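Peer 1: Structure for this input, please:
(one chain, ligands or ions: 1)
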Amino acid sequence: MTAPIEVVGAAVVHDGLVLAAQRGPTMSMPGSWEFPGGKIEPGESPQEALVRELREELLCDVTVGEHVETTSHSYDFGIIILSTYFAAIEAGEPQATEHAELRWVPPSKLHGLAWAPADLPAVERVSRVLG
Ligand SMILES: Nc1nc2c([nH]c(=O)n2[C@H]2C[C@H](O)[C@@H](COP(=O)(O)OP(=O)(O)OP(=O)(O)O)O2)c(=O)[nH]1
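Peer 2: I've put the predicted structure just below:
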């Protein structure tokens, strides 16, 4: 058994809309929508990992807010433990450097996207909290 992979994702909220990111063709699970983020590196807190990942993949700085959900999901490649946090943009405009598309979505419409399965509890909670 390989160890679970710890991943963080950010529900970035701006003007009442939530940022959803579609995984690109070179990523695993291409075409799935997710909260931008990635794997936590050794020694990092979830918040530090999120700030680093969003700087790398969206080229913007965020402030990490409240915890949304932590869930685990078993994929064919392993178990992901996904922790999601609300976040706000501090500087810069999100740019899709790795993702196929970035989309600002009203909370009530989030469920209409084809999310990565691990994200569904967080999507549900974000919609409920903001809706
Ligand atoms: N970032 C992110 N990954 C997610 C979410 N939901 C979900 O199942 N995942 C999965 C997809 C990947 O298998 C894994 C995250 O890996 P990643 O490829 O985004 O992370 P990374 O940038 O650190 O990876 P790497 O290519 O640098 O190794 O978690 C989500 O909402 N956000």
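
Peer 1: which helix of this structure spans the most residues?
Peer 2: Counting residues, the longest helix in the chain under DSSP state H turns out to be helix 46-58.

Peer 1: which helices and strands does whichever helix or strand comes after it pack with?
Peer 2: With elements assigned by DSSP states H and E, the helix or strand that comes after helix 46-58 is strand 61-75. Contacts defined by 3 or more Cβ pairs under 8 Å, 6 or more residues apart in numbering; DSSP states H and E place strand 61-75 against strand 5-14, helix 46-58, strand 78-91, helix 120-130. In this view, the C-beta of every residue, glycine as well, is placed from N, C-alpha and C.

Peer 1: Spell out which strands sit alongside the longest one in the sheet and which way each one runs.
Peer 2: Which is strand 78-91. Strands that pair with strand 78-91, judged by DSSP bridges, come out as strand 5-14 (parallel), strand 61-75 (antiparallel).

Peer 1: So which bits of the very next helix or strand once past the shortest one are buried?
Peer 2: So that's strand 5-14. On the C-terminal side of strand 5-14, the nearest following helix or strand under DSSP H and E is strand 17-22. For strand 17-22, burial by neighbour count (16 or more other Cβ atoms under 10 Å) applies to 17, 18, 19, 20, 21, 22.

Peer 1: cool, stretch 108-119 as well?
Peer 2: Of all the residues in stretch 108-119, those buried under the rule 16+ other Cβ under 10 Å are 110, 115, 116, 118, 119.

Peer 1: For the ligand, see how far away the residue most central in space within the chain is.
Peer 2: Geometric centre of the chain, nearest residue: residue 35, 1.9 Å, by Cα atoms, centre = their mean. Going from residue 35 to the ligand by Cβ to the nearest ligand atom, to the nearest Å gives 4 Å.

Peer 1: Also residue 16?
Peer 2: According to Cβ to the nearest ligand atom, residue 16 stands 20 Å off from the ligand.

Peer 1: follow-up on the earlier one: need the strands paired with strand 78-91 in a markdown table (columns: mean pLDDT and mean neighbour count).
Peer 2: Shown next, in a markdown table, are the strands paired with strand 78-91 (pLDDT from 0 to 100; neighbours: other Cβ atoms under 10 Å):
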| stretch | mean pLDDT | mean neighbour count |
| --- | --- | --- |
| strand 5-14 | 98 | 22 |
| strand 61-75 | 98 | 16 |
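
Peer 1: Thanks again, I'm all set now.
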